[in-house]
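A.B. asks: structure for this input, please:
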Amino acid sequence: MEGLEPVHTHKKEETPGTSGTATAAWLLVGASLLLLGLGGAALLVWWALVFHPSNQQLWMVPVSLVLLGTPMVAWLSIFTSSACRRFDMMRTMRARSMQEQPVIVVQTERTEMGGS
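C.D. replies: Below you'll find the model as predicted:
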């Protein structure tokens, strides 16, 4: 059995330094979205505690809601797009495997039971 190699080998070819850069970029995006959301929440809490009783500085409410809602919409779009890509990839792989599978038809002989 020497010299036999597997037919299907999948090696992910990476260029040096790309995986670390991609991870750092995702961490930076995640941290900035988190800080943006926390800033919006802090602005809304500040307005509620200080300015709400006198109905002053009303501009702070929509700005804080935008700052609070933007990261949620961004994360929702990121996760749904990656989920859709995964489902599409699974669907195409399933369709390929169905096309590659041979159709096997089994015919059996009928024998009549009964003596003559």
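A.B. asks: host element of the residue nearest to the spatial centre of the chain?
C.D. replies: Among the residues of the chain, the one closest to the centroid is Ser82, at 3.1 Å (CA atoms, centre = their mean). If you go by DSSP states H and E, Ser82 is part of helix 60-100.
A.B. asks: with Glu109 instead?
C.D. replies: Residue-wise, Glu109 maps onto no helix or strand under DSSP H and E.
A.B. asks: the lowest-mean-pLDDT helix or strand in the chain - contacts with which helices or strands?
C.D. replies: Counting by mean pLDDT, DSSP states H and E, the weakest-scoring helix or strand in the chain turns out to be helix 60-100, with a mean of 82. Here helix 60-100 touches helix 18-46, going by 3 or more CB pairs under 8 Å, 6 or more residues apart in numbering; DSSP states H and E. In this view, the C-beta of every residue, glycine as well, is placed from N, C-alpha and C.
A.B. asks: roughly how far apart are the residue nearest to the centre of the chain and Leu49?
C.D. replies: 38 Å (CB to CB, to the nearest Å).
A.B. asks: ok, Ser97 next?
C.D. replies: Counting by CB to CB - Ser97 and Leu49 are separated by 60 Å.
A.B. asks: next one: Ile78
C.D. replies: 33 Å.
A.B. asks: neighbour-wise, which of the two wins?
C.D. replies: Between Ile78 and Leu49, counted using other CB atoms under 10 Å, Ile78 has the larger neighbour count: 14 against 9.
A.B. asks: circling back: report the distance from the least confident helix or strand of the chain to the chain centre.
C.D. replies: 5 Å (CA atoms, centre = their mean, to the nearest Å).
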